[in-house]
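Participant: I would like to see how this sequence folds:
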Amino acid sequence: MKIAIIGTGYVGLVTGTCFAETGNNVSCVDINEKKVEMLRNGQTPIYEPGLDVLLERNIKEKRISFTTSLAEGIKDAQVVFLALPTPPGKDGEADLQYVLQVAADLGDIMDSYKVIVNKSTVPVGTAEKVAAVLAQKLDKSLYDVVSNPEFLREGVAVDDFLKPDRVVIGTSSEKARKIMEELYQPFVRQGNPIFFMDERSSEMTKYAANSYLAMRISFMNEMANLCELANANVDMVRVGMGSDSRIGKRFLFSGVGYGGSCFPKDVQALARTARQLGYDYKLVETTMVVNDNQKTRLGKKIKDVFGDNLAGRKFAIWGLAFKPETDDIREAPALELINELIAAGATVDVFDPEAMNNVKEIMGDKINYSDNEYSPLEGADALVIVTEWNEFRNPDFDRIRTSLKQPFIFDGRNVFSLEKMAEQGFYYESIGRSTIHESKKAELSVLS
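Facilitator: Prediction:
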């Protein structure tokens, strides 16, 4: 099948590459000439495990191509995916200007039937808005508008697309339904479902799923804070909860809050939709408040030990991306922590396996960057872990201890076990668990 993907951001590039992997002829369109040239050369502008291998293979087999011309990209395409940015505005509402502008542009150049698919995460009613734009310029026989939300997790997006738990498609057209079913059939051969529903329910499904997962994270972060006050261990609580089949084990890990391109934006958008409809969606509103507060948790722990004035202090930070296996720093808790430390007068040295270039574009020379995890530790007052990359799980503790001014670790992701930290002799604060070697805090005040 001939497919066009409009937009080569995270969703568009993964979508296009994976469709090409199953034998489709895919044309990806983007207005960014530099990015298009990179992609033609097999270079991915994002870090996503496995994507580079698939991209290189499908370029070589000539199943995927890249262009800046919308007319060229959609020529002979049966299906056109809109994978465009929908950033939140100040009020949390998703900005549809790019989606609606491309819809208008398509109306000027389409001369044969195409299925127009909203792949971007968009508010309820967007399919109708896109159809209304097209209707101003095209006969209804030339298009159907479909909602097909993505459920990709950064870090495992290729696997998520190739082996989806489910595919959700919103359409009222039998013709579009048959085309979309044929397109997705190779991905559900093991029996995972394709759910067909109306367009509005499909659009709502994406917001509902992400907001619920974000709510689980915020619930566990609140539980972690309560566990600290009650001298309980949130890891044990998580295990006890997760073994209940009604609850399940996923998205129950406490930490310093969620970030990324999806959860913050989608929760805001769902809250905005509820407000517009006159409904006070308390759970969603509270989820956002809890997450904002949780992002300040690690900074408060650090200041509780070292004081509000951090002038002359140096902190080593491991992890900048909002989660492991990605270079995405959108809404990343690390950025908020860094700004708080700098505002208090501290020097900050950082390391992340993939996200440092993206952080440099924002932070510039306000912080120091290292090419390995041990360099930031030299002369630092404490190590602060914000992203749970696998390479941080079994470090050289002797090297950490000898590099730091004093053996202090603040762990925002509960990477290390309490037993290990007690054995190693570190002052260790994590999330929702007891502080190890609390006496070292008093020793620090004497030394200071």
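Participant: Need the mean per-residue confidence for stretch 262-274.
Facilitator: Stretch 262-274 comes out with an average pLDDT of 93.
Participant: Tell me the buried residues in it?
Facilitator: 262-274 (16 or more other Cβ atoms under 10 Å). Every residue, glycine included, has its C-beta placed from N, CA and C.
Participant: nearest to Phe315, of the residues you listed?
Facilitator: Nearest to Phe315 among those, counting by Cβ to Cβ, is Pro264 at 24.8 Å.
Participant: Okay, and which of the buried residues of stretch 262-274 map to helices?
Facilitator: When DSSP state H is applied, the buried residues of stretch 262-274 are split such that 263-274 fall in helices.
Participant: Which single one of those is nearest to Asp292?
Facilitator: Using Cβ to Cβ, those come closest to Asp292 at Pro264, 9.6 Å.
Participant: Quickly note the distance from that closest one to Lys34.
Facilitator: 27 Å (Cβ to Cβ, to the nearest Å).
Participant: Below-threshold pLDDT in the stretch 51-200 of the chain: ranges please.
Facilitator: For the stretch 51-200 of the chain, not a single residue meets the criterion pLDDT under 70.
Participant: For it, which segments count as helices?
Facilitator: For the stretch 51-200 of the chain, the helices defined by DSSP state H, counting those that start in this stretch occupy 51-60, 70-74, 97-109, 126-135, 157-162, 174-184, 199-230.
Participant: What of the stretch 251-400 of the chain?
Facilitator: Taking DSSP H, counting those that start in this stretch as the test, the helices found in the stretch 251-400 of the chain are 263-276, 282-294, 297-306, 333-343, 356-363, 397-403.
Participant: Quick one: closest of those helices to Val80.
Facilitator: Using Cβ to Cβ, the nearest of the helices of the stretch 251-400 of the chain to Val80 is helix 263-276, at 23.4 Å.
Participant: Between helix 282-294 and that closest one, find me the angle.
Facilitator: Counting by axes from the mean of the first three to the mean of the last three Cα atoms, to 10 degrees, helix 263-276 lies at 140 degrees to helix 282-294.
Participant: Helix 263-276 packs against which elements?
Facilitator: Contact partners of helix 263-276 among helices and strands, from 3 or more Cβ pairs under 8 Å, 6 or more residues apart in numbering; DSSP states H and E: helix 199-230, helix 282-294.
Participant: Now do the first one: which elements does it pack against?
Facilitator: This points to helix 199-230. Secondary-structure packing of helix 199-230 (3+ Cβ pairs under 8 Å, 6+ apart): helix 126-135, strand 143-147, strand 167-170, helix 234-242, helix 263-276, helix 282-294.
Participant: For the spatially closest residue to Tyr207 that is not a sequence neighbour, give me its contacts.
Facilitator: In space, and not counting its chain neighbours, Tyr207 is closest to Leu270: 4.3 Å by Cβ to Cβ, 6 or more residues apart in numbering. Applying Cβ atoms under 8 Å, 6 or more residues apart in numbering, we find Leu270 in contact with 207-208, 211, 281, 284.
Participant: Would you agree Met1 is in contact with Val80?
Facilitator: No: in terms of Cβ atoms under 8 Å, Met1 does not count as a neighbour of Val80; the distance is 11.7 Å.
Participant: who's more crowded, these two?
Facilitator: Neighbours around Met1 and Val80, counted as other Cβ atoms under 10 Å, are more numerous at Val80. The numbers are 25 against 14.
Participant: ok, what's across the strand from that one?
Facilitator: Using DSSP bridges, the beta-bridge partners of Val80 come out as Ala4, Ile116.
Participant: you'd agree it is up against Ile6?
Facilitator: Yes: under the criterion of Cβ under 8 Å, Val80 makes contact with Ile6 at 6.5 Å.
Participant: shared neighbours, those two?
Facilitator: Contacts common to Val80 and Ile6, judged by Cβ under 8 Å, 6+ apart, are Ile74.
Participant: Rebuild the helices and strands packed on helix 199-230 as a markdown table, extending it with distance to Arg200.
Facilitator: A markdown table is the format used below for the helices and strands packed on helix 199-230 (distance: least, Cβ to Cβ, whole Å):
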| stretch | distance to Arg200 |
| --- | --- |
| helix 126-135 | 8 |
| strand 143-147 | 8 |
| strand 167-170 | 7 |
| helix 234-242 | 33 |
| helix 263-276 | 11 |
| helix 282-294 | 18 |
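Participant: quick one: what helix or strand has Asn414 in it?
Facilitator: Of the helices and strands defined by DSSP states H and E, none includes Asn414.
Participant: That one - nearest residue in space that isn't next to it in sequence?
Facilitator: The shortest distance from Asn414 to any non-neighbouring residue, by Cβ to Cβ, 6+ apart, is to Ser430 (4.8 Å).
Participant: what residues are up against that neighbour?
Facilitator: For Ser430, the contact set (Cβ under 8 Å, 6+ apart) comprises 410-412, 414, 416, 418.
Participant: now swap in Asp280 and tell me
Facilitator: Residues counted as contacts of Asp280 (Cβ under 8 Å, 6+ apart) are Ala274.
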